[in-house]
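*Asks:* model this:
(2 chains)
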There are 2 protein chains.
Amino acid sequence: MEEKREIFEGEIWVQNDYILYVGDGTDTEKIYGKIPESCILWDREIDCKGNLLMPGFKNAHTHSGMTLLRSFADDLPLDEWLNHQIFPVEAQMTAEDIYELSKLAILEYLTSGITAAFDMYLTPESIADAFDEMGMRCVQVGAVNNFSQSPELVEEMFQKLNHRSPLQSYILGFHAEYTCSKELLEKIAALSHKYQAPVFTHLAETEGEVAGCIERYGMTPMAFLDSLGMFEYGGGGYHCVHMTSEDIAIMKKRGLFAVTNPGSNAKLASGIAPITEFLKAGVPVAIGTDGPASNNCLDMFREMFLVTALAKLKQKDASAVDAMEVLKMATVNGAHSMGLMDADVLTEGKLADIIMIDLKQPNMQPLNHIPKNLVYSGSKQNVIMTMIGGKILYEQGKFFTPDQPEDIYEKANQIINRIRNK
Amino acid sequence: MEEKREIFEGEIWVQNDYILYVGDGTDTEKIYGKIPESCILWDREIDCKGNLLMPGFKNAHTHSGMTLLRSFADDLPLDEWLNHQIFPVEAQMTAEDIYELSKLAILEYLTSGITAAFDMYLTPESIADAFDEMGMRCVQVGAVNNFSQSPELVEEMFQKLNHRSPLQSYILGFHAEYTCSKELLEKIAALSHKYQAPVFTHLAETEGEVAGCIERYGMTPMAFLDSLGMFEYGGGGYHCVHMTSEDIAIMKKRGLFAVTNPGSNAKLASGIAPITEFLKAGVPVAIGTDGPASNNCLDMFREMFLVTALAKLKQKDASAVDAMEVLKMATVNGAHSMGLMDADVLTEGKLADIIMIDLKQPNMQPLNHIPKNLVYSGSKQNVIMTMIGGKILYEQGKFFTPDQPEDIYEKANQIINRIRNK
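*Replies:* Numbers count the residues shown, from 1 in each chain, chains lettered A, B, ... in the order given. All right, here's what the predicted structure looks like:
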């Protein structure tokens, strides 16, 4: 994914969390010059057998703990789904529940080659515990709203969780304009100024949300939030489906990321985000799965195909948003949106967040064009290794995590049964 | 998938090509009554460990031999893609090439739980050979057009290939209205009357195709073809994207199937088929991947999600086309469209075309609703066994086919290199 480097045959050396060497093996003296060859102890050498190593995918918007609600309430419009199905169950979920349910999501991320999640959910500390224990990278974002999360809590979490471990960081944020009073929003903007920190939020997901904001404040959500000084230190919006060209100009001016969630937006009939308009305006686009209650899977391959397929449909132009552009969104832009500036590409000094793609499955043959194969015919079935911070957590269908799948599944089923029977 | 039977815990017995018993194991005396227990020799007993057995998916429209052109020419509109990229390469493909390339597609079908393909392509006999040798079910359809396939050839193939083996059948068909002269179309309609046989064709895939037909004949393709008596013995259309309500009424009147190909229609920016209108009118919908040059994968899980997700977007209604409806399209309707009346559901006397779905992967947990899990979060990674006519051809990632993947991949890459270097 480095702009100056094509796909090439070579090798990658990893030391602790980081990449020590990337190359064709002819210039390793630059490493041996610093470390005597006799001092290098190899833990393991992996023959990739002509398969592909690439940066892990960055899931730039998700609600991991919502695994509980996968296939729980589908085929409903967003309003009804959220207020009558999702919120009542969420009200019964404990921090311990969310800790267990986040682990279920982590297993799924690993199978899809996702090495970092930009997670917004209810109990930040138990979420951080789940990711730390499983060994997965997580950037949490505040979810201030009128009901369950205050700006004070978000500030406390920002101080407590940001860089609590090498795997954790925390970004300021709120649920959405329509779930926050103006007073709350002003407090978040003040926090952003106090810490000179970016802010993320759900933004312009549905037509109704935009119409409601215009009714309340005479402005689109983007314009209204910007008028509060919310985005002076950057950040971005999740979804960004119903955006005017003025909204997009504000995003460009403030250096904001548009995080697109095409699977969720389609399944909830919310609409198709204007990806080609973002690209034309120079607004960086990242990709998220959204939560498993609305998607319902956490599969970046399906999302990558949807980003380009829906853009082609929307534009009535089969050349809209090509495969390399999509891969960049799913890796480099995702990492940058989450502030993970050293997890974007595979080069020396960057984090060893690496996945291996099996090119020897039928959907990857013939090898006419590997990036197009990934985006147009790739599947998480092709992910045969997921490494985060130099540690292999998933390989050939097996998990190398402290908790094993069967235990995690059993707990998830116990939780939903407990809540159902209440 | 039987209407009167919910998902249940039980067992399935298979004898030769067929299902001998389905039940909870308490009523097996009805089998032992016919066959003495001592005479039953079990080849193999499989403990499904709580996983799901279901009918294999039926890929109701594909061009298997086009695996060669996967990721070969993407991001182009249909016209340019077909005339300037696809046709020139196809002109250089031999029957032997298509035999090899169909085998590559068959491997991919097996990984996705597809047990039968409704295939339209250039060299019917070599295609039949590939499917027969690999052990996969295939229904071929004629592809009469002005350039490469005559009605005479299609009649010859209809006589030769239909039921050539228990795995093969053949249905009358032509490429599309826009690639056939009126004279050719009349000949196909005459064949249909001669054999009292259904006819299939690409139908109303693009706006341009419909406009062209109206310009030529003053009618939509559906109305024009029907006016020739084309569909008096049934059949159906592939794609069916741009259909008027009058077109849909003709489909209903003639008992036609609408075979939808949402991945291909999105990727080529052709549009979204009116699935909810078909359902409302009582027109049965089946699902196809289309060929790997336009999709680019042969994955029924992606197609199933797209059918409902795109219908929800088109209707602006998150309740459009629910999960069970989609599963029925991908199994029962697919089988019926192909004339495979005994490959639709798992019950006694039906063909043993069975797949096993791993419910113990994270994307299938918790088990809130298995059909919704399949359609909304399922993946071909969940397919851990594909059985066709009582024979297991794919299990736990391994192929039990006479040709092994590495040999098939090598040949596919040799063919594209040969054609490229010409």
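*Asks:* for residue A:360, give its distance to residue B:67.
*Replies:* Computed with C-beta to C-beta, to the nearest Å, the distance linking residue A:360 and residue B:67 is 15 Å. (Glycine included, C-beta is placed from N, CA and C.)
*Asks:* so which of the two has more stuff around it?
*Replies:* Just comparing residue A:360 and residue B:67: by other C-beta atoms under 10 Å in any protein chain shown the higher neighbour count belongs to residue B:67, 31 against 15.
*Asks:* hmm, who's touching stretch A:307-315?
*Replies:* Contacts of stretch A:307-315 from elsewhere in the structure, counted by C-beta atoms under 8 Å, 6 or more residues apart in numbering or on different chains, are A:260, A:262, A:266, A:272-276, A:285, A:287, A:318-323, A:325-326, A:329, A:375-376, B:263, B:266-269, B:271-272, B:306, B:310, B:313.
*Asks:* what ranges do the strands span in the stretch 201-350 of chain A?
*Replies:* Along the stretch 201-350 of chain A, counting by DSSP state E, counting those that start in this stretch, strands occupy A:235-239, A:257-260, A:285-287.
*Asks:* what's the most buried one of those?
*Replies:* strand A:257-260 (a mean of 30; mean count of other C-beta atoms under 10 Å in any protein chain shown).
*Asks:* next, the buried residues of stretch A:78-90.
*Replies:* Buried positions in stretch A:78-90, judged by neighbour count with 16 or more other C-beta atoms under 10 Å in any protein chain shown: A:78, A:81-82, A:85-86, A:89-90.
*Asks:* ok, of the contacts of stretch A:307-315, which come out buried?
*Replies:* A:260, A:262, A:266, A:272-276, A:285, A:287, A:318, A:320-321, A:323, A:325-326, A:329, A:375-376, B:263, B:266-269, B:271-272, B:306, B:310, B:313.
*Asks:* show me what the strand or helix carrying residue A:186 is packed against.
*Replies:* According to DSSP states H and E, residue A:186 maps onto helix A:182-195. Using 3 or more C-beta pairs under 8 Å, 6 or more residues apart in numbering or on different chains; DSSP states H and E as the contact criterion, the elements in contact with helix A:182-195 are helix A:151-161, strand A:168-176, strand A:199-203.
*Asks:* most tightly surrounded among those?
*Replies:* strand A:199-203 (a mean of 27).
*Asks:* that strand versus helix A:182-195: what angle between them?
*Replies:* Using axes from the mean of the first three to the mean of the last three C-alpha atoms, to 10 degrees, one finds that strand A:199-203 and helix A:182-195 are set 150 degrees apart in direction.
*Asks:* pairing partners for strand A:199-203, with directions?
*Replies:* The pairing partners recorded for strand A:199-203 under DSSP bridges are strand A:168-176 (parallel), strand A:235-239 (parallel).
*Asks:* CA-only coordinates of the shortest one in CSV, if you can.
*Replies:* So the one you mean is strand A:235-239. Extracted C-alpha coordinates of strand A:235-239, given in CSV (Å, rounded to 0.1, in the frame of the first residue of the first chain):
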residue,chain,number,x,y,z
GLY,A,235,-12.0,14.2,13.3
GLY,A,236,-14.8,13.1,11.1
GLY,A,237,-18.2,11.5,10.6
TYR,A,238,-19.5,8.0,10.4
HIS,A,239,-21.9,7.1,7.6
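*Asks:* kindly reformat the helices and strands packed on helix A:182-195 as CSV containing distance to residue A:129.
*Replies:* Conversion of those to CSV gives the following (distance: least, C-beta to C-beta, whole Å):
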stretch, distance to residue A:129
helix A:151-161, 10
strand A:168-176, 10
strand A:199-203, 22
